[in-house]
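1. Structure of the sequence below:
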Amino acid sequence: MFAYCADPAALSGLSWLSCYLTTGTHFNFYWSFGMVLLLLAVTAPVALTFGFFGATAARSHIVPLSLLGRGYIAAVRGVPDIIYFMFFVIALDQGIEWFKHLWVCTDLSQPVWKAGEFRVCPAAKVPLSTSGAIWHKAYAFTLAVFTFAIVFGAFAANVIYGAMQAVPRAQLETAEAYGMSQGQVFRRILVPQMWIYALPGLSNLWLILIKATPLLFLLGLQDIVYWARELGSAKTSGNNPYPHGDWRVFYFLGLMVFYLAFTRVSEILLARLTAKLSKGQATRAGEQMRKAAAT
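-> Numbering: from 1, shown residues only. So this is what the prediction gives:
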């Protein structure tokens, strides 16, 4: 990156370190932090949406819809997460290519499964082999978001379902007595009040989601853990212009600081959000605010 980095062998001290930390591989490492933050920013609202609709379906009076919601919650919560990350992505990817195979391929006489291998015509590959690297990364990232959302959405659904049950029944009955329909009670009374009961569980789920981001490596994405291991491993002086010993402990220590700092910032923001939502609510925090304002 710098002009004096042309001959790494002639460098030493801070000059060597500055050149070492600005190599193309290190910029991939730095970019992976942004990818993790982007994953969290996209996955959190998508998972929350899955959770909200899953909880709404689970408490529905329509039996098939209720069974669907309860089945989704039970199926995901009852199976180890890593199975979904190892199996679901492969199944989803092959399912997409299979449907595309039926749509765009002209020769459908050959089975897609042959000799234990999944094969579709070149036009059915997603993305196409001629597509740029950016499209392959975007597709892998989309599959990762969907997988994270499916898994954590089920846990969010369980939290939201419990929060809906925690809203005092008397308030719902009072709204009905004033002539509100079931839909109005749901939108105006139940949903606005249930968030304060759901927030503690959703806060824990957010922190778990942060810690689960290293699972990106299982989905074929080069995340911060992958690059930390790659860069920290011992490098010989063969073709490597910046040889060094085993530095993995320093890279992983940096990751630990990053995750701890991110978790701490999240805790502060979540505490402020909890305080904001507690105002005027019939909860312990809301009652403490009411008494503090009265004195």
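2. CA atoms for contacts and neighbours, from now on please.
-> Noted.
3. any idea how far Ala10 is from Cys19?
-> Computed with C-alpha to C-alpha, to the nearest Å, the distance linking Ala10 and Cys19 is 12 Å.
4. just checking, Ile150 touches Phe53?
-> No. Counting by C-alpha atoms under 8 Å, Ile150 sits too far from Phe53 to count as a contact (11.9 Å).
5. Those two: who's more crowded?
-> More crowded of Ile150 and Phe53, by other C-alpha atoms under 10 Å: Ile150, with 23 against 17.
6. Would you mark the buried spots in the helix or strand hosting the more buried one?
-> Of the helices and strands defined by DSSP states H and E, Ile150 is found in helix 133-166. Along helix 133-166, these residues count as buried under the neighbour rule (16 or more other C-alpha atoms under 10 Å): 140-141, 143-164.
7. pLDDT of stretch 256-266, averaged?
-> In this model, stretch 256-266 has an average pLDDT of 94.
8. Low-confidence ranges, the stretch 151-295 of the chain, go.
-> 237-238, 280-295 (pLDDT under 70).
9. how about 90 then?
-> Scanning the stretch 151-295 of the chain for pLDDT under 90 picks out the ranges 166-176, 178-183, 187-189, 192-193, 196, 211-248, 273-295.
10. What segments of the stretch 1-150 of the chain are helices?
-> If DSSP state H, counting those that start in this stretch is used as the criterion, the helices of the stretch 1-150 of the chain fall at 13-20, 24-58, 63-77, 81-83, 89-104, 133-166.
11. With distance to Tyr259 as extra columns, can I get those helices in JSON lines?
-> JSON lines is the format used below for the helices of the stretch 1-150 of the chain (distance: least, C-alpha to C-alpha, whole Å):
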{"stretch": "helix 13-20", "distance to Tyr259": "24"}
{"stretch": "helix 24-58", "distance to Tyr259": "11"}
{"stretch": "helix 63-77", "distance to Tyr259": "25"}
{"stretch": "helix 81-83", "distance to Tyr259": "20"}
{"stretch": "helix 89-104", "distance to Tyr259": "26"}
{"stretch": "helix 133-166", "distance to Tyr259": "18"}
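12. which stretch in those helices has the least confidence?
-> helix 81-83 (a mean of 80).
13. in it, what counts as buried?
-> Buried residues in helix 81-83, counted by 16+ other C-alpha under 10 Å: Asp81.
14. which other helices and strands contact it?
-> The criterion is 3 or more C-alpha pairs under 8 Å, 6 or more residues apart in numbering; DSSP states H and E, and there are no helices or strands that helix 81-83 contacts.
15. still on that earlier bit, would you tell me what the next helix or strand after the helix holding Ile150 is?
-> Moving toward the C-terminus from helix 133-166, the next helix or strand (DSSP H and E) is helix 169-177.
16. Which residues does that following helix contact?
-> Contacts to helix 169-177, defined as C-alpha atoms under 8 Å, 6 or more residues apart in numbering, come from residues 182, 185, 189-190.
17. Same question for stretch 233-248.
-> 8-9, 20, 228-229, 231-232.
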